[in-house]
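Student: the following block contains a protein sequence and its predicted model.
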Amino acid sequence: MSRFPRLAALALGAVLALGACATGTPPSQSYAETTLLTPEARQSLEARVRAFDREINRGNMAATIDYLPPKMIAQISAETGATPEFMRAAAGAMVEGMTAGMKISGGHDITKAVVGTTGTGAPYAVIPGMARISVGGETMDNPGYTLALTDAGKWYLVALNDQESITDIRKAYPEFNSVALPLR
């Protein structure tokens, strides 16, 4: 897949919650019992996930681009020679086009998330989700996982939909090289 549509695929993967296990240290604490997140971090993560799910259920697929981690957007932009602003706009249009005619609903179950920290101490969460996709009179349920990570104090979401997604995460955020990230 060329790098330009890759950004749109990452966003669409988060929408569909597509998600096998990579090697490394797995997340270690259940969300309910974690001591790895401050109350403020929990509150901001929950708000961010709720906002993302709300956009999906409204059918605002282009908004998913705003939830992708900025270093991933910068990495892909650098590889393509496009500006991050152009990549965001183009990927948003591509996601809207790819999902036209589809009804997508669903969300994440943060209560079943598993939390860990990277080797640098940065917190992250692996959140299970489910998307229901309806098109042409057919409906499909699609379970998977989304990685929530912080960048400059803000939570971002990226689908763990294939090995290339994990490679992209690790290229932009090397602290995830030693973290086991699940795929569907």
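Tutor: Looks like it arrived, so ask away.

Student: does the residue positioned nearest the centre of the chain belong to a helix or a strand, and which?
Tutor: Nearest to the mean C-alpha position of the chain, by Cα atoms, centre = their mean, lies Val158 at 1.6 Å. According to DSSP states H and E, Val158 maps onto strand 154-159.

Student: pull up the pairing partners for that strand, direction included.
Tutor: When pairing is defined by DSSP bridges, strand 154-159 lines up against strand 138-151 (antiparallel).

Student: for the strand it pairs with, buried residues please.
Tutor: 142, 144-150 (16 or more other Cβ atoms under 10 Å). Where you see a C-beta, it was placed from the backbone N, CA and C, and this is true even at glycine.

Student: out of everything not next to it in sequence, what's closest to the residue nearest to the centre of the chain?
Tutor: Leu147 (5.2 Å; Cβ to Cβ, 6 or more residues apart in numbering).

Student: next one: Tyr67
Tutor: Leu157 is the one closest to Tyr67 (Cβ to Cβ, 6+ apart), at 4.5 Å.

Student: so how far is the strand holding Val158 off the chain centroid?
Tutor: 5 Å (Cα atoms, centre = their mean, to the nearest Å).

Student: give me the next element, helix or strand, following that strand.
Tutor: helix 163-172.

Student: what ranges do the helices span in this protein?
Tutor: In the chain, the helices defined using DSSP state H lie at 3-16, 39-58, 70-80, 84-99, 163-172.

Student: okay, now the unreliable bits of this structure?
Tutor: Residue ranges of the chain with pLDDT under 70: 1-27, 184.

Student: from the chain's centroid, how far away is stretch 131-143?
Tutor: For stretch 131-143, the distance from its own C-alpha centre to the chain's C-alpha centre is 19 Å (Cα atoms, centre = their mean).

Student: got it, and stretch 108-119?
Tutor: Relative to the chain's own centre, stretch 108-119 is displaced by 12 Å; criterion: Cα atoms, centre = their mean.

Student: my guess is Ile65 meets Met94, correct?
Tutor: No - under the criterion of Cβ atoms under 8 Å, Ile65 makes no contact with Met94, lying 9.4 Å away.

Student: what's near enough to touch Leu149?
Tutor: Leu149 makes contact with 69, 122, 124, 155-156, 158, 169, 173, 176, according to Cβ atoms under 8 Å, 6 or more residues apart in numbering.
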